[in-house]
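> how would this look folded up:
(one chain, ligands or ions: 1)
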Amino acid sequence: MTILKPKVLRFESLPSTNTELARLAFEGAAEGVSIVADEQTAGRGRLQRAWSSPKGAGLYFSILLRPTIPQNYWPLITFMAALAVGDALRESCGVETDIKWPNDLLSGERKICGILAEAIDTPSGRAVILGIGINLTQNAFPPELANLATSVSEATGRAPDREQILAALLEALSCWYPLLDEPKQIVDAWSNRSSYAIGKLVQVSNGDDVWQGTTCGVESDGALRLRTASGDIKLVRAGDVYSIRSSKG
Ligand code: BTN
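Numbers count the residues shown, from 1 in each chain. The predicted structure follows:
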């Protein structure tokens, strides 16, 4: 069984915790080495987007994984992380979350956390830099995101305790990571926690490609199954998913 033993390195300011951890991974850092920064000056999100990371406004965290599971299951690392963040937010501050495929945690339909898992080649083998950004306060994002994003402070009405959330996150990651050895458990748990897994009418965009349909579960490797108007099942492996309206009413 794979045991994860996180070891946290702290920084006041970094361009990106993912970038710094990739550098350490290349130098031979062990699985579990993690980085937390008070601010990021060049925080990165999915699809080459910037991740706004002002000082103290978010938990900016990355952990190095050296997974032994087959690479076609590596997309489930993001699922595993979403489950861990969900547990951590519930345990540390009582915030309940939904998961939007593939990697956004939502509170009240607005984004509270983003996850960026990047596979890299290192001299000691292929590794994953798992980056997690949790919005702690509204300062974490620019005004144009106000309707799309939320924060722990908004969800709880209290000042968030970053260290408490971090401790809960490390514990939750340590609990969920070994379950990657049994991918079905991850997929089932993710599906139970995500309102996007089944019966959600969504639009998916990936570059110039746009599809619309109703979600009907996820594949064993994490691909989202979408039933289009013609009745075809499309497997979505990349892209942005937007809820059009809930078909569950
Ligand atoms: C997304 O939703 O697009 C993913 C956002 C991931 C942000 C985190 S913050 C810590 C780590 N370092 C980065 O530069 N990005 C990730």
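> in the chain, which spans are strands?
7-14, 33-40, 58-65, 98-100, 104-107, 110-122, 125-135, 198-206, 209-218, 224-227, 233-236, 240-246 (DSSP state E).
> Please state the offset of stretch 17-30 from the chain centre?
Mean-position distance between stretch 17-30 and its chain equals 19 Å (CA atoms, centre = their mean, to the nearest Å).
> does any bit of that stretch sit next to the ligand?
Yes: legend: contact between stretch 17-30 and the ligand by CB under 6 Å from any ligand atom is shown at 17, 18. (Glycine included, C-beta is placed from N, CA and C.)
> Same question for stretch 119-137.
Yes: contact of stretch 119-137 with the ligand (CB under 6 Å from any ligand atom) involves 131, 132, 133.
> which of the residues in the helix or strand bottoming out on mean pLDDT in the chain are buried?
Here the helix or strand of the chain ranked lowest by mean pLDDT, DSSP states H and E is strand 240-246, holding a mean of 83. By neighbour count with 16 or more other CB atoms under 10 Å, strand 240-246 contains the buried residues 240, 241, 243.
> Please identify the most buried of the strands of the chain.
strand 58-65 (a mean of 26; mean count of other CB atoms under 10 Å).
> Residue of this structure nearest the ligand, please.
Proximity to the ligand, evaluated over the chain using CB to the nearest ligand atom, is greatest for residue 114 at 2.2 Å.
> pLDDT on stretch 105-113, on average?
Confidence for stretch 105-113, expressed as mean pLDDT, is 95.
> and this protein, which residues reach the ligand?
Counting by CB under 6 Å from any ligand atom, the chain sits next to the ligand at 16-18, 40, 43-46, 49, 51, 60-62, 104, 114-116, 131-133.
> Mind doing that once more with 8 Å?
15-19, 37, 40, 42-47, 49, 51, 53, 58-62, 103-104, 111, 113-116, 131-133 (CB under 8 Å from any ligand atom).
> Any idea which residue is closest to the centre of the chain?
The centre of the chain sits closest to residue 115, judged by CA atoms, centre = their mean, with a distance of 2.7 Å.
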